[in-house]
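I'd like to go over a predicted model; first the sequence, then the structure.
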Amino acid sequence: MRLDRSFLLVLASVIPLAACDITDATGIDPNAPTNLSYQLIPSGNPSAPLGVILSWDAPSSGRAIAFDVFGRASSSSDWQLRATTTSPSFHDLYTELQYYIVANDADGNPLGETPVITIDMRSELPAPLDLHSISLNGAIQLAWSSNALEANRGAFDYYRVYSGVYDAGHSSCLSWNLEGSTVSDAFLAANLPNGVSRCFAVSAVSRDGHESAWSAATHDTPRYDARNVLVYSRDARADSSGFLFYDESAHAYGAVASASRTGLDFTIERHSDGTLWINPARTDVLMATYGTAPVPDLTSIDAAVPSALSSVTIEAVPGYGYVLSTRKSDGVHYGALRVAYVAQNYVVFDWSYQSGTGNVELSRVPVMP
């Protein structure tokens, strides 16, 4: 006598069907689905994923036509039929604690079932540490420690990178969104507007979809820059001896101009001993040497320290960095130089300029407290 299917479903909602005693030479029931596994879908909240994807292998007998997916919220709850599918996988939007799968034949009769699988919601990986950023032109370069990978190389899968709006007035981050993902401990956030601050944070995801807690957040502001700009000394070529970080009349960044041009930020001047010097062109342009040693790159100049700047003329020395402040119509802006080469009659340098008014961020930015 064939049992009614509705009766079987009621029975299954109370307790999983008894395992079949029919096994093949390997000891596996050919009518039962096998290898039930799960993959959580990260959401940004480690304790509330966007669901779970269950996957299993169809019975080797080939008799299975459909699969019933059963789940329950706790180990003491009644089993509930979550879905019936013809595919050996199922995406459950509401993650249960436990699941098992029943295979059915063409007449709807149960053939066999998987063992129960329990989903552990605890994160397997620690939050990434030491998140820091480098300000770039229209982009932010992020990097962090590999501590999550080192904690469990076998479990690690990838990182998720989040970005949000930085509220400078409250020193807080708002409106977080997924920026992207990477398997590397570095990420380039590109196509960003210069002068607009953004927040960033990173999480680590394990192979079964567990998402770690987020790293401490950092905020940064993309700024304009350029490499290998050549400016002559005034006595050699006065028409190309001045420089403006931002030409307000032409709305252009990094303009080389005549020494007679009004609104210049600095000029290159020759001293009596033949050395070339960076000379502020206005009283409201202040500057200082960055550190006491050469810097390897423009991005090594992290942030301006307004209190260290003064109205001085400084010699252009290859490899050294310089920080300047300049007053524009909307307020004070900060810029940086790294001298790449000093010839007899000209200086070649890299420069960066922060279009955000009063924003001192020029390159590397520390994690937010």
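Everything's here; your move.

so the residue nearest the centre of the chain, which state does it fall into?
Closest to where the C-alpha atoms of the chain average out (CA atoms, centre = their mean) is V161, at 3.0 Å. Put simply, V161 is strand when judged by DSSP: H, G, I helix; E, B strand; the rest coil.

isn't it right up against R198?
No. In this structure, V161 is not within contact of R198 by CB atoms under 8 Å, at 11.4 Å. Placement of C-beta: from N, CA and C, glycine included.

overlap in contacts, these two.
Residues touching both V161 and R198 (CB atoms under 8 Å, 6 or more residues apart in numbering): A189.

roughly how far does the residue nearest to the centre of the chain sit from N45?
16 Å (CB to CB, to the nearest Å).

what helix or strand is A226 located in?
Assigned by DSSP states H and E, A226 belongs to strand 224-232.

can you point out the buried residues in that strand?
The neighbour-count check on strand 224-232 (16 or more other CB atoms under 10 Å) flags Y224, D225, V229, V231, Y232 as buried.

for stretch 181-197, same thing?
Quick answer for stretch 181-197 (16+ other CB under 10 Å): D185, F187, A189, L192, N194, G195, S197.

next one: the second one from G51, what distance?
With the distance defined as CB to CB, F187 ends up 25 Å from G51.

check contacts around the residue nearest to the centre of the chain.
Neighbouring residues of V161 by CB under 8 Å, 6+ apart: L142, L178, E179, G180, S181, T182, F187, A189, F200, A201, V202.

quick one, strands of the stretch 201-350 of the chain?
Here the stretch 201-350 of the chain has its strands, by DSSP state E, counting those that start in this stretch, at 218-220, 224-232, 242-247, 252-257, 266-270, 276-280, 286-290, 314-315, 321-328, 331-342, 346-353.

nearest to S133, of those?
Nearest of the strands of the stretch 201-350 of the chain to S133, taken as CB to CB: strand 218-220 at 4.1 Å.

what packs against that closest one?
strand 132-136, strand 198-206, strand 364-365 (3 or more CB pairs under 8 Å, 6 or more residues apart in numbering; DSSP states H and E).

counting contacts, what elements does the strand or helix carrying F90 pack onto?
F90 is part of strand 89-92 when elements are defined by DSSP H and E. Applying 3+ CB pairs under 8 Å, 6+ apart, one finds that strand 89-92 contacts strand 52-57, strand 66-72, strand 80-85.

how does it look with 6 Å?
On a contact count with 3 or more CB pairs under 6 Å, 6 or more residues apart in numbering; DSSP states H and E, strand 89-92 meets strand 52-57.

tell me the strands beside the strand it packs on, with direction?
Sheet pairing of strand 52-57 (DSSP bridges) gives strand 34-40 (antiparallel), strand 89-92 (antiparallel).

now the angle from it to strand 80-85?
60 degrees (axes from the mean of the first three to the mean of the last three CA atoms, to 10 degrees).

thinking again about what came up before, among the strands of the stretch 201-350 of the chain, which is the most enclosed?
strand 218-220 (a mean of 24; mean count of other CB atoms under 10 Å).

could I get the average pLDDT for that one?
Averaged across strand 218-220, the pLDDT comes to 95.

how about stretch 179-199?
97.

can you give me the offset of it from its chain's centre?
Relative to its chain's centre, stretch 179-199 lies at 5 Å (CA atoms, centre = their mean, to the nearest Å).

58 is where my numbering starts, stick with that
All set: I'll call the first residue 58, so the last point we hit is now stretch 236-256.

give the residue spans of the chain that score low on pLDDT.
58-84, 421-426 (pLDDT under 70).

tell me the domain ranges of it?
According to automatic domain parsing, the chain comprises the domains 62-175, 189-277, 283-410.

L419: which of those is closest?
Among the domains of the chain, domain 283-410 sits nearest to L419 (CB to CB), with 4.7 Å.
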